[in-house]
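Q: Sequence first, predicted model second:
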Amino acid sequence: MTSARTLVIVGGGLSGTLVAVNLLRSPQWANTQIVLIERARRVARGKAYIEREHPFLLNVPAGRMSVHPRSPLDFLLFARRRMPHATAEDFLPRPLYGEYLESTLSEAVSEAPAHVQFGRLSGDVCAIERIPDTSRLRVRLADGPGVTADEVVLALGNPPPTRVAGTEALQASRHYIADPWAESLSFRPGERLLLIGTSLTMADVATAAAAATDGSAVIHSISRHGLVPPSQTPFRDGRCAANTADLLRAASFSTLTLMRAVRELVDETERNGGDWREAVALVRGIAPALWKRLAINERRRMLRHVRPYWDVHRHRLPGETRTRLRQMRLHQKLHIYAGRLLDSRIAAGEVHLTWRPRGASTSQGLTVDRVINCTGPDHDVRRTNDPLMRSLLRQGLALPDPLGLGIRTGPHGSLIDSSGSASTNLFYVGPLLRADHWEATAAHELRDHAERLARHLSGTGLPFAKTHLVPSRARFSASVNASAAGPRRLA
């Protein structure tokens, strides 16, 4: 055993990979061991960037997907090795971005200084516990005791969707898919589908079903408002001029005042020949500050009345995907409904649904072959079935957000415990930051959080303790994966 500070990252998707990359490239004051724990076979993929039968596209152009803020075209340059004609405005395949993240981590591992060691554990983390009479943490694996760490970064990705009311009779049947990203989807020619949700996941599943069935699938999609995201456009910042102090002041009054100010900003931008998306981008950039200005009751109003409209304009589709959806609707292969699912039952191998249109007093029927939950991730950790998150909540190490947006965090993503105190060695980076930052789901937002956290961890100057890797049945690899360059072994 060598005397070294041990830092454990739980989760090897986008957030965990970016934290590891930034730590490996940061100046360290002493011997440091970075241990990345990920359940999947490959790191840097998560559910978003793994290989799938359908070539899903990124929702952001290549020119805005770099992991290096000071090198904005880094991903584009990587992509051109495979796709020489790719441009900064192209929406590229998601697995290619996974390769980019994997390559970036491999380079960081190979270039790290000798006193910084990197290792990987494959396994499921089921609990994190404070070790009595020490400042250290025990990271427990489902198949063994796990690792003792000085600091732990939770880089947990998006949780699965919530259970949708009205689907109780379908839950255990082959006619229902609770999470389209948890399995490889397949479709039958002529299949009739109901997709619950009309946003980004719906668009991905609908276009995949159309492609797999040569356009013969008939798809119905329902959400409370029936809103479908608009397309991205190659707008350029510059025609949206706003005094952000005015927006911050509006947020201090009420949600209504803030929304009026945003509408005025959009109108002014378009009068100046700009694109409304420029105004959305500006507001999104200061969204954390706006969110902090809103009182708790105003935040509730925001979620109840404004969130669906903000989300649909904030999370937009590649033009190619939006065009495909438009063609499907034109040919009666995609039907969008605004309403609420009331009930479902299975009879004669079919799913019989009852739903009520928005604003109507009477219900309607619909018969399909399968129902797919496309409502998106459920960030309310009070409903979670994840053993790790349940353990953190049970011990009081994490505090759920009362509005159901994630977990409460302090400076640098430090976890707020049940007493309201910020942890000094337990941190979080990922989409559950929405509780305190509102906008914390896009790659560049998570990139910035990961970089700030890594800078904080690199400069803490905390005392170092010996590392104890406890034997378990989890597979340990000192490299990112079999193809990683320059592996470094844990002592």
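A: That came in fine, so what should we check first? Residues are numbered from 1 along each chain as shown.

Q: what's the least confident helix or strand in this structure, going by average pLDDT?
A: Taking mean pLDDT, DSSP states H and E as the measure, the chain has strand 468-469 as its least confident helix or strand, at a mean of 40.

Q: Just the pLDDT for the residue in the chain sticking out farthest from the centre.
A: The centre of the chain is farthest from one residue, A348, which by Cα atoms, centre = their mean lies 38.3 Å away. Reported pLDDT at A348 in the predicted model: 94.

Q: now swap in A4 and tell me
A: pLDDT, A4: 83.

Q: That one and G119, how far apart?
A: 12 Å (Cβ to Cβ, to the nearest Å). Any C-beta I mention is one placed from the backbone N, CA and C, and that applies to glycine too.

Q: Likewise for E268?
A: In this view, E268 and G119 are 53 Å apart by Cβ to Cβ.

Q: Am I right that N425 falls within a strand?
A: Yes - under DSSP: H, G, I helix; E, B strand; the rest coil, N425 falls within a strand.

Q: Tell me how many other residues crowd it.
A: 19 (other Cβ atoms under 10 Å).

Q: D124 touches G11, doesn't it?
A: No - using Cβ atoms under 8 Å, D124 makes no contact with G11, being 11.0 Å away.

Q: Spit out the contact partners of E89.
A: Residues in contact with E89, defined by Cβ atoms under 8 Å, 6 or more residues apart in numbering, are 61-63, 234.

Q: Domain ranges for the protein, per the record?
A: The record's domain parsing of the chain by automatic domain parsing lists 5-56+93-159+379-477, 168-230+317-373, 244-314.

Q: Please convert these to a markdown table, extending it with distance to L77.
A: Formatted as a markdown table, the domains of the chain follow (distance: least, Cβ to Cβ, whole Å):
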| stretch | distance to L77 |
| --- | --- |
| domain 5-56+93-159+379-477 | 10 |
| domain 168-230+317-373 | 21 |
| domain 244-314 | 24 |
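
Q: which residues touch G13?
A: G13 neighbours (Cβ under 8 Å, 6+ apart): 38, 43-49, 155, 157.

Q: Dump those residues into a markdown table; add secondary structure, neighbour count and distance to A210 as well.
A: What follows is the contacts of G13, written out as a markdown table (DSSP: H, G, I helix; E, B strand; the rest coil; neighbours: other Cβ atoms under 10 Å; distance: Cβ to Cβ, whole Å):
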| residue | secondary structure | neighbour count | distance to A210 |
| --- | --- | --- | --- |
| E38 | strand | 26 | 33 |
| V43 | coil | 28 | 32 |
| A44 | coil | 29 | 29 |
| R45 | coil | 23 | 25 |
| G46 | coil | 24 | 25 |
| K47 | coil | 16 | 21 |
| A48 | coil | 18 | 21 |
| Y49 | coil | 24 | 22 |
| A155 | coil | 29 | 34 |
| G157 | coil | 19 | 27 |
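
Q: And those, which is closest to L18?
A: Nearest to L18 among the contacts of G13: A155, at 8.2 Å, using Cβ to Cβ.
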